[in-house]
Each structure stands twice: as C-alpha cells, then as structure tokens.
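*Asks:* Attaching a predicted model along with its sequence, questions to come.
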Amino acid sequence: MDQPIPIPGEMTPVIPKPELEEPKRKPNVWLKSLGSLAFFLVIGYFFFRQNWTLVLILTAVVVFHELGHFTAMKIYNYQDLGIFFIPLLGAYVSGKKQEVSQKQSAIILLAGPIPGIFLGIILHVLSIQLESDMLEKIAWILIFLNVLNLLPVYPLDGGQLLHRLFLDNYNILGKIFVILSVALMSWVAISSGFLFLLFFPFMMITRMIGDIQHERIEKKLEAEGIDLMKSYEQLSAEEYWRIRNAVIKYYPQFKDVKPAPPYEISPKEEQIINMIQGLLQRSLIQDLSVVGKIIILVIWIGFFLAPFLIKNPFIYF
C-alpha cells in the first residue's frame, strides 16, 4: 500500500493516485481488434450468403481504409492505437493524444478514404488494360466505399472533417450538425430497409448525451478551481481524488463506491480511472489558417468528385 501524502489543509492525508498499467493494457487492445475482426468475418459470411470472395474483398477494402487512418495516427504519436471492426458497418481506429492538432486531424481523416480512391482508380485503369471484370469490381468497391466515407455526414470521415475544421469551437452548432446527421442517417436506414444502419444514429445520440453529462461535470470541477486541461499523468493526488468524488457523485454506476476520505482503492477503480480520463480535456491546436482550410476542402471535394469524372461508380451497386 502506498504511503499517504499529507496535503496542506487536509485533516486526512491522501494516498497517491493509482498508476496506469500501460504495458498490461496494450496487448488487450490487439486481442479485442482480432476478436472484432473474426466477428466481422463471421457475420459478413452469413449476411452475404456464404460468399467468401465478396466478404474477403470487403474486409480487405475496410482494412486498407483503416490502415490509412492508423498509419497517420502512428506518425503523429497517438497512443493505445487499435482497429476495431463493426459487423456490416465497417471499422474504426481508436487512439489517444492530449494535444489534438487541426492540421493533423484533417490529414488523419483524409488518410483513410484518399488512398482507397487513388488505388481504386489505378485498379480501374488496369482492369481496362487487362480486361478483368473481377479487378474492375474490386476497383469500384474501393472507390464506392471510400467516396461514401467522404460524404459530409457525421460520423463519416467527411462529416468529421467538416466538424473539426469549422464546428469544434462552436458547441451549439456542432450539436445541431450531429442531430441533423442523426436524422439523415435514420431516414436512410428506415427508407432503405437496412435497419442495422440505425446503430450509427443510436451511438451518436448516446455519445452526445454522454458528452453533455461530461460538460456538466467539467463546469462544476472548473468552478472548484480544478484544471482539466492536462493528462492523467499530470494530475496531482489531490486533484485525482477530487475528480473521483465528482465521478462517484454524478455517475449512477459508481453509487456503491465510497467517496474520499477515506482514501481507499475500489474494485471499480479501473472504470473510474477510464471515466476520469474521459473528463480530462484535450486541447485543440488551431494550426490551420483560412488558406489551409480551403486547401483541405479542395482536396476533399476533388477526391469526392474524381471517380465521377471517370465513370459512374454506382452502376455496380
């Protein structure tokens, strides 16, 4: 047990905050990634009527797309990276970084769809030269899925790009944009009969509700003079236990955990630490000028329209 640290003004000295066990967590990320990939393949196999060829092509396209995001995040030193697959819907790359750059975020978001579209165009040209129907179909699957991801609808890459470039500093506008995206995706899911697409609107609403709850607690903590613009490692022992008490108070799943003092480690401490890490605010570095944003938009629009200048990709679907 760690020795208590006396804090001026405190009747009971607090114990040091729990340390993060990074080496033990990293392997779990990849185990979860492999598990989600296996589940993705099994569900796809039955959904596409046991057509392994189509399932493997779609999986390869999704993996290629996500590897673009993953590589860019790796270059920009994101931590705890992992790729997680959602059956019938796609995949996403998760990672952590305290300081989030607008320019880096734009590159990361475009690093998924742009290589896919570029490769699809190359395969399309090759398919004409080789007269290969299979190569042609793979080319347009690549193009179609990546162009779809550039649509300005949250949480697609295009929607996230628009949000990051223009709406991150405008909380109300950002929420309106998410609500409109939820409405559009819900309409597409219901009108097309692909009700499993409702997963995205459900997760977006759930996340927005969670964000609102986070914001409420953040305001209370900031009113108490606690600086949340820091990483977990930068938190002092006193700050940890004060934030922990707020988490216990406002999140029902921790109602059975005793607030400090006494300063005791709970069996739910790891979950509490994860919640605290979610409350700690990432700082967004506004490093894109107006000209920079225009360049990003031109690249975005250019790659969105490029396939249509070759041939209509939707004739294959």
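*Replies:* The structure has been received and is ready for your questions.
*Asks:* hey, where'd the strands end up in this structure?
*Replies:* Taking DSSP state E to define them, one finds strands in the chain at 79-86, 90-96, 99-101, 283-285.
*Asks:* Model confidence for the nearest residue to Leu195 once chain neighbours are set aside, exactly?
*Replies:* Once flanking residues are discounted, Leu195 sits nearest to Ala189: 5.8 Å by Cβ to Cβ, 6 or more residues apart in numbering. Heads up, the C-betas are built off the backbone N, CA and C, glycines and all. Per-residue confidence (pLDDT) for Ala189: 79.
*Asks:* how about low-confidence regions in the protein?
*Replies:* Scanning the chain for pLDDT under 70 picks out 1-14, 20-28, 168-171, 281-283, 311-317.
*Asks:* how close does the residue positioned nearest the centre of it get to Tyr154?
*Replies:* Central residue of the chain (Cα atoms, centre = their mean): Ser94, 5.4 Å from the mean position. Here the criterion is Cβ to Cβ, to the nearest Å. By it, Ser94 lies 17 Å from Tyr154.
*Asks:* Also Leu184?
*Replies:* Leu184 is 9 Å from Tyr154, by Cβ to Cβ.
*Asks:* higher neighbour count, those two?
*Replies:* Comparing Leu184 with Tyr154 by other Cβ atoms under 10 Å, the one with more neighbours is Tyr154, at 24 against 15.
*Asks:* just checking, Arg164 touches Leu110?
*Replies:* No: using Cβ atoms under 8 Å, Arg164 is not in contact with Leu110, being 11.0 Å away.
*Asks:* mind listing what the residue nearest to the centre of the chain touches?
*Replies:* Ser94 is in contact with Val29, Asp80, Leu81, Gly82, Phe84, counting by Cβ atoms under 8 Å, 6 or more residues apart in numbering.
*Asks:* Can you tell me which of these are buried?
*Replies:* Buried by 16 or more other Cβ atoms under 10 Å: Val29, Leu81, Gly82, Phe84, out of those.
*Asks:* I'd like to know which of the residues you listed is nearest to Ala38.
*Replies:* Phe84 (12.0 Å; Cβ to Cβ).
*Asks:* how about stretch 220-229 as CSV, C-alpha atoms only?
*Replies:* Below are the C-alpha coordinates for stretch 220-229, written out as CSV (Å, rounded to 0.1, in the frame of the first residue of the first chain):
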residue,chain,number,x,y,z
LYS,A,220,-18.6,22.0,-11.8
LEU,A,221,-15.0,20.9,-11.4
GLU,A,222,-13.7,24.0,-13.2
ALA,A,223,-15.8,26.2,-10.8
GLU,A,224,-14.0,24.5,-8.0
GLY,A,225,-10.7,25.5,-9.5
ILE,A,226,-9.6,22.1,-10.9
ASP,A,227,-7.6,22.4,-14.1
LEU,A,228,-8.8,19.7,-16.5
MET,A,229,-6.6,20.7,-19.4
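*Asks:* got the buried residues for that stretch?
*Replies:* Under the neighbour-count criterion of 16+ other Cβ under 10 Å, stretch 220-229 has Leu221, Ile226, Leu228 buried.
*Asks:* Output those residues in JSON lines; the columns should cover distance to Leu279.
*Replies:* JSON lines is the format used below for these (distance: Cβ to Cβ, whole Å):
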{"residue": "Leu221", "distance to Leu279": "7"}
{"residue": "Ile226", "distance to Leu279": "10"}
{"residue": "Leu228", "distance to Leu279": "6"}
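*Asks:* Check the contact between Asn149 and Gly159; I expect there is one.
*Replies:* No: the pair Asn149 / Gly159 is not scored as a contact, 9.3 Å apart, by Cβ under 8 Å.
*Asks:* what residues are shared contacts of the two?
*Replies:* Common neighbours of Asn149 and Gly159 are not found (criterion: Cβ under 8 Å, 6+ apart).
*Asks:* Report the buried residues of stretch 203-214.
*Replies:* Buried residues in stretch 203-214 (16+ other Cβ under 10 Å): Met204, Asp211, His214.
*Asks:* Confirm for me that the last one is in contact with Gly278.
*Replies:* Yes: under the criterion of Cβ under 8 Å, His214 lies in contact with Gly278, with a separation of 6.4 Å.
*Asks:* Share the number of residues neighbouring Leu297, please.
*Replies:* Neighbours of Leu297 (other Cβ under 10 Å): 15.
*Asks:* One more: Lys230?
*Replies:* Per other Cβ under 10 Å, the neighbour tally for Lys230 reads 15.
*Asks:* So it sits against Leu280, correct?
*Replies:* Yes: in this structure, Lys230 is within contact of Leu280 by Cβ under 8 Å, at 6.4 Å.
*Asks:* Endpoints of stretch 255-274, how far apart?
*Replies:* Using Cα to Cα, to the nearest Å, the end-to-end distance of stretch 255-274 comes to 16 Å.
*Asks:* what comes up buried for it?
*Replies:* For stretch 255-274, burial by neighbour count (16+ other Cβ under 10 Å) applies to Val257, Ala260, Tyr263, Ile272, Ile273.
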